[in-house]
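Q: The amino acid sequence is not available; the structure is as follows:
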């Protein structure tokens, strides 16, 4: 899953300086290690020369070397990779929150392009593309086996141009969907009044998320008449994004204190990130909606507010991506390296890598028959962080909860639109969304009335 939690590095100068200093103080052990490294590089050069000389067709040396670098990084874990200059620019566009295309979050799995989630308000969402769909062709040309970045490039294009995508979905025959590309600047924060309760949905964490949340907070305060009994924060199918935005969003609901900590390979590589004081919803009960598509930065927010006793989490177990990637620019026209540099931990110290955030109140979105449950078991075995190739292990030995019959699910014949949201509203209106902050005197608890 190409969910993401990114820490951008603004320049490579400091990194290069650090490497330069270390080169003058080499121990005997380091010297032996470097000698072995040079031998392996000689092997690589020999193989590259053989391929260039004898392969059945002429190769592009630059592409071959880039593929080798990417192969080295992607063998570490599912989220480390090399970004060539074009891919690096694409990533910067994505995190800035505006580009031309369809509005799909996608991942690569076994040579297939898989939909993580369609973004709200985009051509893909309006066309009915669903989380878990596989994209197999674009305009009649197969994309099976194509790199994820090449497939994404084909999906993006000039605003107003048509594109036809072939979709494979469980239980139905493959079918085509034709859409028109739009300028994708998705409203990744939306709000509305649900009677006496505010509702805010965050669909991703890019550079505009915190500002969008501030506008949504003002909107629900205006739209909910007669006093707000509580707030529903919807993080379902949110694939993640920028770490600083997760911290900013959490700060709107906490009055100081820890949001998340990150820990790298060395004991000293520990960073703690705290919320700023001055929460926007003091004394208002909050219920967070999550599901299997809630990942990375979205899991940080859910885990922080859950651990700090600031919100009840309702839904199903989240994706379980508990690692942080640092994006390191490599210089002009060299692209960048996206490297997993740490794991993250909730305020209570829990590692969620591979295991996910378990909801306080488990509620399924649909009613499950025996066949549905078996399908869920098979799907859950494939669609979570722990199932990805080379996924990092949970360093605390925590395992993902096995698929099971949910504690609550829609009754037979349910004709409503959103059972999980209905249960969240009921929780608030019946006074069960009790806020019990972990830091008494900082966040004051209050029952919904």
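A: Everything's here; your move. This structure is a prediction, so every number in the text was calculated from the model and none was measured. Residues are numbered from 1 along each chain as shown.
Q: tell me the mean pLDDT for stretch 253-266?
A: Summarised as a single mean, pLDDT over stretch 253-266 is 93.
Q: and if you look at stretch 159-172?
A: Mean predicted confidence for stretch 159-172 is 93.
Q: What's the mean pLDDT across the host helix or strand of residue 43?
A: Element membership of residue 43 [criterion: DSSP states H and E] is helix 28-54. Regarding helix 28-54, the rounded mean pLDDT is 88.
Q: Mind giving me the packing neighbours of that helix?
A: If contacts are counted by 3 or more C-beta pairs under 8 Å, 6 or more residues apart in numbering; DSSP states H and E, helix 28-54 sits against helix 61-74. The way it works is simple: take the backbone N, C-alpha and C, and place the C-beta from them, glycine included.
Q: other SSEs contacting the helix it packs on?
A: helix 28-54, strand 81-83, strand 336-345.
Q: now, of those, which is deepest in the fold?
A: Among these, judged by mean count of other C-beta atoms under 10 Å, the one packed with the most neighbours on average is strand 81-83 (a mean of 23).
Q: For that strand, the averaged confidence score.
A: pLDDT averaged over strand 81-83 gives 91.
Q: Tell me what angle whatever helix or strand comes next after that strand forms with helix 61-74.
A: Counting by DSSP H and E, the next helix or strand C-terminal to strand 81-83 is helix 85-96. Relative orientation of helix 85-96 versus helix 61-74 (axes from the mean of the first three to the mean of the last three C-alpha atoms, to 10 degrees): 50 degrees.
Q: what sits up against helix 85-96?
A: 6, 8, 83, 99, 149, 152-153, 206-207, 241-242, 327, 329, 333-336, 338 (C-beta atoms under 8 Å, 6 or more residues apart in numbering).
Q: Nearest approach to residue 220 belongs to which of the helices and strands packed on helix 61-74?
A: strand 336-345 (28.8 Å; C-beta to C-beta).
Q: Sketch out the low-pLDDT regions of the stretch 201-350 of the chain for me.
A: Nowhere does the stretch 201-350 of the chain drop to pLDDT under 70.
Q: ok, which stretches of it are helices?
A: 209-223, 243-251, 297-307 (DSSP state H, counting those that start in this stretch).
Q: export those helices to TSV and tack on distance to residue 158?
A: Shown next, in TSV, are those (distance: least, C-beta to C-beta, whole Å):
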stretch	distance to residue 158
helix 209-223	27
helix 243-251	29
helix 297-307	31
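Q: Same list (those) but as JSON lines, adding mean neighbour count and distance to residue 71.
A: Formatted as JSON lines, the helices of the stretch 201-350 of the chain follow (neighbours: other C-beta atoms under 10 Å; distance: least, C-beta to C-beta, whole Å):
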{"stretch": "helix 209-223", "mean neighbour count": "17", "distance to residue 71": "33"}
{"stretch": "helix 243-251", "mean neighbour count": "24", "distance to residue 71": "27"}
{"stretch": "helix 297-307", "mean neighbour count": "28", "distance to residue 71": "27"}
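Q: Any idea which of these gets closest to residue 277?
A: helix 243-251 (8.3 Å).
Q: What are the contacting residues of the closest one?
A: Outside helix 243-251, the residues within contact range by C-beta under 8 Å, 6+ apart are 5-7, 202, 205-207, 209-210, 213, 259-260, 273, 275-276, 278-279, 297-298, 300-301, 304-305, 324.
Q: so that helix versus helix 85-96, what angle?
A: Going by the same axes, to 10 degrees, helix 243-251 makes 10 degrees with helix 85-96.
Q: what angle do helix 243-251 and helix 297-307 make?
A: 30 degrees.
Q: quick one: helix 243-251 to chain centroid distance?
A: Relative to the chain's own centre, helix 243-251 is displaced by 14 Å; criterion: C-alpha atoms, centre = their mean, to the nearest Å.
Q: and it with helix 209-223, angle?
A: Using the same axes, to 10 degrees: helix 243-251 against helix 209-223 is 30 degrees.
Q: Can you give me the neighbour number for residue 312?
A: 23 (other C-beta atoms under 10 Å).
Q: ditto for residue 419
A: 18.
Q: How about residue 185?
A: 16.
Q: And for the one 10 residues further on?
A: Burial of residue 195, expressed as a neighbour count using other C-beta under 10 Å, amounts to 13.
Q: same question, residue 416
A: 9.
Q: Check residue 315 too.
A: Using other C-beta under 10 Å, residue 315 has 30 neighbouring residues.
Q: likewise residue 420?
A: Around residue 420 there are 26 residues (other C-beta under 10 Å).
Q: other SSEs contacting the host helix or strand of it?
A: Using DSSP H and E, the element containing residue 420 is helix 419-429. Counting contacts by 3+ C-beta pairs under 8 Å, 6+ apart, helix 419-429 packs against strand 197-202, strand 230-234, strand 286-290, strand 312-315.
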